[in-house]
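Peer 1: let's see this in three dimensions:
(2 chains)
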Amino acid sequence: MSEGIKRRDFLKVLGVSGAGAAAAGCSPGKTEISRLIPYVVPAEEIVPGVPTWYTSTCRECPAGCGVRVETHEGRVTKLEGNPDNPISHGNLCARGQAAPQGLYHPDRYQGPLAREVGVRENTIAWSVAEGQLADRIKALRAAGRGNRIVFLTKRYDGTMDRLVDDWVAAIGARRVIYDNWKDQNRALQFADAGYLLSFGADFLETWGSPVDYAWQYAQMRDARNGKRGKFVWVGPHRPLTGLNADEWVAPNPGTEHVLAQALAGRVDVPTASRTTGVSTEVIDRMAREFREGNGVALGPGAAIAGKNQAQLISAIDALNAGRGAVSSTADADIRPVLELVQQMRGGGIELLLVDAPDPGYTLPGSVGFNDALKKVPYKVSFATFPDATSLECDLVLPNHHFLESWDDYVPRPGVHEIVQPGMRPVFNTKQTGDVLLSVAQLLGTPNVSAGITATTYYDYLRASWAAVAGSRDAWRDAVLRGGVYPAAPAAGVTGFVPPPPSTAGAAVPVPAGESAAQPMPFEGESDAQLHLVVYPSYRFYDGRTANRPWLLELPDPVTKVSWGSVVEVHPRTADDLGVEQGDYVTVSSAYGKLTAPVYVWPGVRPDTIAIQAGLGHPAFGRFTEGKGVNPNVLLPAAYDPATGRAASYGVRVKVVKERDKPLNLPFSPVDGRLFEAGNRLQRDREIAEAVSIADLAGLQKKGEGEIPGERIEELRGYGGFTPVPVETAPAGYPPPESRYGQYIQGATRWAMTVDLNRCIGCGACVTACYAENNIPVVGPKEVARGRALEWMRIERYFGPGSDDAQAMADDATDDVRFLPMFCQQCGNAPCETVCPVYAAYHTADGLNGQVYNRCVGTRYCANNCPYKVRYFNWWTYEFVEPLNWQLNPDVAVREKGVMEKCTFCVQRIREVERTAQAQNRPIKDGEVVPACVQTCPTEVFTFGNIQDPNSEVTQAAHSVRSYRVFEELNTQPAIVYLKRVTLGEPKHSTYREPPAAAEPANAPAH
Amino acid sequence: MTRVLSLAGAVVIAAVTLVGCRGPGAQTAAAAPTQPIYFMHSVHAGQNQIPCMYCHYTADRSVDAGIPSVRVCVGCHVPGSSITPPAQAALAFPAVDRPQKGDTLYHHEALKLLDYWQRQQPIPWVRIHKLPEHVKFPHMMHVNAGLKCQTCHGPVQKMDKVYQFASLQMGWCVDCHRGKTPLSPAEEKSVEEHSSFIRQIKELRQSGSDLGGFEGAYPKQRASTDCVACHY
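Peer 2: Sure thing, here's the model as predicted:
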């Protein structure tokens, strides 16, 4: 008994826990009193137990999707897309879904701070903080050095722009704008295009307006009349958007613009072919298809924006001529910031106010922003989180989260959106607009407050909207709808209108034909052979959302790595470097170096490596610290001389193996979890199926639609269970009249279709599921053990070859299939029969119920599940205060030892059932909307009652493309997948045995 | 040895748990907890016949029955004062507004209420009916089906101190859902009109659907007893 419990301790423990159990369980009056706390004065809009919804606008990225904010008793619990909004179309991406975790993040600045950098920080009152700032400004102005005050801001594209301009003018200071990727075109229309050409623009992830673009892309991809749009990706690597493309064209790094110029007819094809390395046939075909398909070109993406991007932009504009799509330059100019850094370094700036996306982290390391910051005597930050920049600031005036703010946003001309708070501030923060107005009041002199007459930012905002929605009623209508959209009568207004976004910036000069054909030179020493691509992250954008636990746990859609960064390397390059999957390499440029594990896959050119931006923060809250690397440290302070736009593309780096992969990878096992280890291959299992568009037409002609009809009949059986005769089944199975649960013929059976042709693999559904169902985040170590609780996961299969590195290296992997995998709600469910305590059982409406309070954690069900969609709570995972404020009160929080899984958001089904009963009517089709269905940007899912022949889901399931995963197991799942439609023959992703050992797949059993 | 002891410990703890507690609360008037204010339902709901839903105002539209805000109490006890609640604690009520001995609304316990109101503090009532968090009990479904509050909460209008009347255990819920618990004729009739479960069964029967072994087992079933009807 050297370890473990000693007898005496044991008795002590026994005594205490026994007493505790007795007391807690029996008498509510004695020890554990539960209290009912009423309102003193009830809030008008709140009915306890009933959610209240507010319209607002998501501000996690410049897209500005309209959202509806669900609140329970005054707390924000979830965001959903606002269907009235022309940008979100009622959908939302994973970043938007994770916004409440920014709101409730435990490491937010909780109030104003005065800091002696590196020594101590004191929490101070707002009046003191504002007084300090006003005193500083007063002193500088009195000394005649008001011009040494600089306000470094983002581009707000709303009323804040006017306020900041007024404010800065009033105190005689200067404003410098720095924003990331704000220049991208957010108003393109290509839903009807037959051909889409993207020059590195990851429009399904971050570029422009991803939720809107994903929606348009899905429409473009829909097969209609035997045709569908084609999407071609041009770039040295394939992020998620590139992986969705029908064709990947990878010109030599630095020659992307030459290809664009050739397609625009400005460079002759043979020259372009020689320079780019793309064959003349391909270029000719692209030009033809672009012309014939009424094509649209997008770009340039941030990843391939180099020092000559003006040429690329002008070529793209030329290709889009007639579509009204003009790329902008106005806000992308990075030169003012670089100039500012010079001045800071030279001591020319005495007071710097920062309200910009963490320049200390997002600017290239060689800019040396934070070193220059140290030279400024007094720095003020408006950051929400302690980040690289704000930690160096002397005064922190933390801004509200957007879910606590009143504001507006103009994402594209004519669309005026309102940001409405969903709740009162969580912490002692104050909106920056209000701080500016307070400080203006404190400064007091008439010339300071001239033009800034409002005392609160809300009043200022309302005045700003006087022209668009001036009257009380008009404003109220606008708030209810989330803004004023083009369809609404916004024309003919006068007065101040929040400025349109800068997308209509100056046209880029057309470069001369000669230079157009020149490749962009890459800089780097002679031993630095690999071209570096730094690309935006779908999950973290430029790093601004990198501290949301849901997004950290969400596997990267392409690499399936969570909680860390990887260096993407081509298999051939990996061979040359002598590294294998997961080995650590050191990447160095003239500006810096970093060490990270490699991810080997053929989605990068062999002469290129790719690193995702967004991680490697020196400080950004407990979840992010120490996770991943920041590739910005490798970059020079480069820009395109013609437009001033930042140029991250154009560096060669040296890559050296550092060490072997550790036994326990600090990120999830590459290429999937334990459950799906090695599953970049389907190995003949036909999980994610595809059909060529030619075959699809054939199927429709032959009338093979009968097969899905049969499927539906099966599904309509008793609670979904109609045993199909199987020759090899044991005699007398199933026993006659055997039934589980209260099966009633003709009752509802919930079912879902999943259109793989529309799925882009982004994972918005996964995060929505986390948000709706109180799914805990397990952290990197548990993820590596395969214990992540993603009820919904996106499986990603590479099409051709792919059983060995060489095959992958030779293949462009154009046939990539994404498949959302979640509980299949089997009619004949293997999990149910093995549960010893009846916790897994079949409900009357055809769900595989999971009764958490009944579960004893044998895990038999998960073992018996062929889809591996049941997840076990190995621990009671913590929801750190106040992240637990986000928990959905309609769903039980599970604890250690309980199995959990998708139940089609049964809480939403029950809620609709209640509403229907209250109104004494049956449930309408489309009334029940599970969280994944609600959020999907491409509207992949259709959900409804399969018993109703007119329901949308029945119609969708009748498609000739329908199939069910592992149908041969007779599990009779309620999820009907619709095959992905490929333009050419689908490349079989199945593992092929060498011919000698081959055996026909459908060989009769011996 | 350690393992044996731990196992024994677990058994003992389990035994204590099982023997020591049955159900969430004791069901006797004597076990009624002391509340911060001696609020008598017998006076309010009994003597004065105030409808339950005057105070428990969300019982017909929310899963929660609703606890009256302090303003609702003050609305009766200090007429007029609820319209302009005191903005700060310093702002005291005029003396005339305070109920005096002999006033209809006077009670020394009511003065405690005024203290809460003046301090703008909520009254920390002791919770009596509490279901575990893995149970979803929608009040509005039961109220709208025509069940009387007393059917589950007991003769509250006669209780000086409220105690837990029903066991609130699952068997008690299920018995009623299966139609084994008798209801008053009025309730019975109303439930039959409102239950979507009964309606659905009727429709299926009319359409000639096979109801499986269902009909024989609980012919008077009123509502679903599917686990996931309440546990999710």
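Peer 1: next secondary structure after the helix or strand of chain B with the lowest mean pLDDT?
Peer 2: Ranking every helix and strand in chain B by mean pLDDT, DSSP states H and E puts helix B:2-20 at the bottom, with a mean of 41. Next along the chain after helix B:2-20, taking DSSP states H and E as the criterion, comes helix B:41.
Peer 1: who are the packing partners of that following helix?
Peer 2: Using 3 or more CB pairs under 8 Å, 6 or more residues apart in numbering or on different chains; DSSP states H and E as the contact criterion, helix B:41 has no neighbours among helices and strands. Yep, even glycine has a C-beta here, placed from its N, CA and C like the rest.
Peer 1: so for it, mean pLDDT?
Peer 2: Averaged across helix B:41, pLDDT comes to 94.
Peer 1: got it, and stretch A:861-876?
Peer 2: Average pLDDT, stretch A:861-876: 93.
Peer 1: repeat for stretch B:188-198
Peer 2: Mean predicted confidence for stretch B:188-198 is 92.
Peer 1: which positions within it qualify as buried?
Peer 2: Across stretch B:188-198, burial judged by 16 or more other CB atoms under 10 Å in any protein chain shown covers B:190-191, B:194-198.
Peer 1: now check that stretch, is it near chain A?
Peer 2: Yes - using CB under 8 Å from any CB of the partner chain, stretch B:188-198 comes into contact with chain A via B:194-196.
Peer 1: can you show me the CA trace of that stretch as PDB?
Peer 2: The C-alpha coordinates for stretch B:188-198 follow below in PDB (Å, rounded to 0.1, in the frame of the first residue of the first chain):
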ATOM      1  CA  GLU B 188     -59.700  14.600 -18.900                       C
ATOM      2  CA  LYS B 189     -61.800  16.200 -21.600                       C
ATOM      3  CA  SER B 190     -59.400  19.100 -22.200                       C
ATOM      4  CA  VAL B 191     -56.400  16.800 -22.400                       C
ATOM      5  CA  GLU B 192     -58.200  14.700 -25.000                       C
ATOM      6  CA  GLU B 193     -58.900  17.800 -27.000                       C
ATOM      7  CA  HIS B 194     -55.400  19.200 -26.800                       C
ATOM      8  CA  SER B 195     -53.000  16.300 -26.800                       C
ATOM      9  CA  SER B 196     -51.300  16.000 -30.200                       C
ATOM     10  CA  PHE B 197     -50.500  12.400 -29.200                       C
ATOM     11  CA  ILE B 198     -54.100  11.400 -28.900                       C
END
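Peer 1: starting at the chain centroid, how far to that stretch?
Peer 2: Centroid displacement of stretch B:188-198 relative to its chain, using CA atoms, centre = their mean, to the nearest Å, is 21 Å.
Peer 1: ok, stretch A:972-991 next?
Peer 2: Relative to the chain's own centre, stretch A:972-991 is displaced by 25 Å; criterion: CA atoms, centre = their mean.
Peer 1: how many other residues sit next to A:R335?
Peer 2: 14 (other CB atoms under 10 Å in any protein chain shown).
Peer 1: pretty sure it sits against A:Y639.
Peer 2: Yes - the criterion here is CB atoms under 8 Å, and A:R335 meets it with A:Y639 at 6.3 Å.
Peer 1: count of neighbours near the closest residue to A:V415 other than its chain neighbours?
Peer 2: Distances taken as CB to CB, 6 or more residues apart in numbering or on different chains put A:Y485 closest to A:V415, at 5.7 Å, once the chain neighbours are dropped. Residues lying near A:Y485 (other CB under 10 Å) number 18.
Peer 1: distance of A:Y485 from chain B?
Peer 2: Look at A:Y485 and chain B: by CB to the nearest CB, to the nearest Å, they are 32 Å apart.
Peer 1: my guess is that residue meets A:P86, correct?
Peer 2: Yes - contact criterion CB under 8 Å: A:Y485 and A:P86 qualify, at 5.3 Å.
Peer 1: so what sits against both of these two?
Peer 2: Here A:Y485 and A:P86 have A:V415 as joint contacts, going by CB atoms under 8 Å, 6 or more residues apart in numbering or on different chains.
Peer 1: picking that back up, of the residues of stretch B:188-198 next to chain A, which belong to helices?
Peer 2: B:194, B:196 (DSSP state H).
Peer 1: could you pull up phi and psi at the residue in the stretch 901-1006 of chain A that chain B sits nearest to?
Peer 2: In the stretch 901-1006 of chain A, the residue that lies nearest chain B is A:Q917 (4.1 Å; CB to the nearest CB). Main-chain torsions, A:Q917, degrees, to the nearest 10: phi -70, psi -40.
Peer 1: quick one: contacts for it?
Peer 2: Shown in contact with A:Q917 (CB under 8 Å, 6+ apart): B:141, B:194-196.
Peer 1: from B:Y116, how far out is B:P122?
Peer 2: Relative to B:Y116, B:P122 is positioned 7 Å away (criterion: CB to CB, to the nearest Å).
Peer 1: check A:V976 too.
Peer 2: Counting by CB to CB - A:V976 and B:Y116 are separated by 58 Å.
Peer 1: who has more neighbours out of the two?
Peer 2: A:V976 (28 against 19).
Peer 1: just to be sure, the more buried one is in a helix?
Peer 2: No - A:V976 is assigned strand when assessed by DSSP: H, G, I helix; E, B strand; the rest coil, not a helix.
Peer 1: quick check: it touching A:R961?
Peer 2: No - using CB under 8 Å, A:V976 makes no contact with A:R961, being 9.5 Å away.
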